[in-house]
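Chemist: Sequence and predicted structure are below.
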Amino acid sequence: MEKAIEQLNIRISRDLYEDLKAIAQYEGSRVPELVRSWIRDRIREYRKDKRFEEWKAKNQGEDRS
């Protein structure tokens, strides 16, 4: 696994965070680990999508963040 070098900060509602904490506890994890795993899973799905890969290749270099 790659070493984490980027940090993402987001604001979410208190209710959403409480749900995240409960889900993480239920899964035997911590919130950051849970969210990272969800992000990895979602990106893995996009990487399997040929349309996304074609779009990404075509739009490479355009910073849209």
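Modeler: Received, thanks. Residues are numbered from 1 along each chain as shown.

Chemist: what's the offset of stretch 17-33 from the middle of its chain?
Modeler: On the basis of Cα atoms, centre = their mean, to the nearest Å, stretch 17-33 sits 15 Å off its chain's mean C-alpha point.

Chemist: Could you do stretch 48-65 as well?
Modeler: Here the centre of stretch 48-65 is set off from its chain's centre by 17 Å, with Cα atoms, centre = their mean.

Chemist: And stretch 44-63, by the same measure?
Modeler: Per Cα atoms, centre = their mean, the displacement of stretch 44-63 from the mean C-alpha position of its chain is 16 Å.

Chemist: what mean pLDDT does that stretch have?
Modeler: For stretch 44-63, the mean per-residue pLDDT is 90.

Chemist: can you list contacts of the strand or helix carrying K58?
Modeler: According to DSSP states H and E, K58 maps onto helix 50-59. Identification of contacts with helix 50-59 by Cβ atoms under 8 Å, 6 or more residues apart in numbering yields 46-47. For every residue, glycine as well, the C-beta is placed using N, CA and C.

Chemist: what about the helices in the protein?
Modeler: If DSSP state H is used as the criterion, the helices of the chain fall at 14-27, 31-48, 50-59.

Chemist: could I get these as JSON lines with mean neighbour count?
Modeler: Listed next are the helices of the chain as JSON lines, based on neighbours: other Cβ atoms under 10 Å:
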{"stretch": "helix 14-27", "mean neighbour count": "12"}
{"stretch": "helix 31-48", "mean neighbour count": "12"}
{"stretch": "helix 50-59", "mean neighbour count": "10"}
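
Chemist: could you give the angle of the helix holding K58 to helix 31-48?
Modeler: Angle, helix 50-59 to helix 31-48, by axes from the mean of the first three to the mean of the last three Cα atoms, to 10 degrees: 90 degrees.

Chemist: Spatially central residue in the protein, please.
Modeler: In the chain, the C-alpha nearest the mean C-alpha coordinate belongs to I39, at 2.2 Å (Cα atoms, centre = their mean).

Chemist: Report the separation between that one and I10.
Modeler: Distance from I39 to I10, counting by Cβ to Cβ, to the nearest Å: 11 Å.

Chemist: right, so of the helices of the chain, which gets closest to I5?
Modeler: When the helices of the chain are ranked by proximity to I5, the top entry is helix 31-48, at 13.4 Å, counting by Cβ to Cβ.
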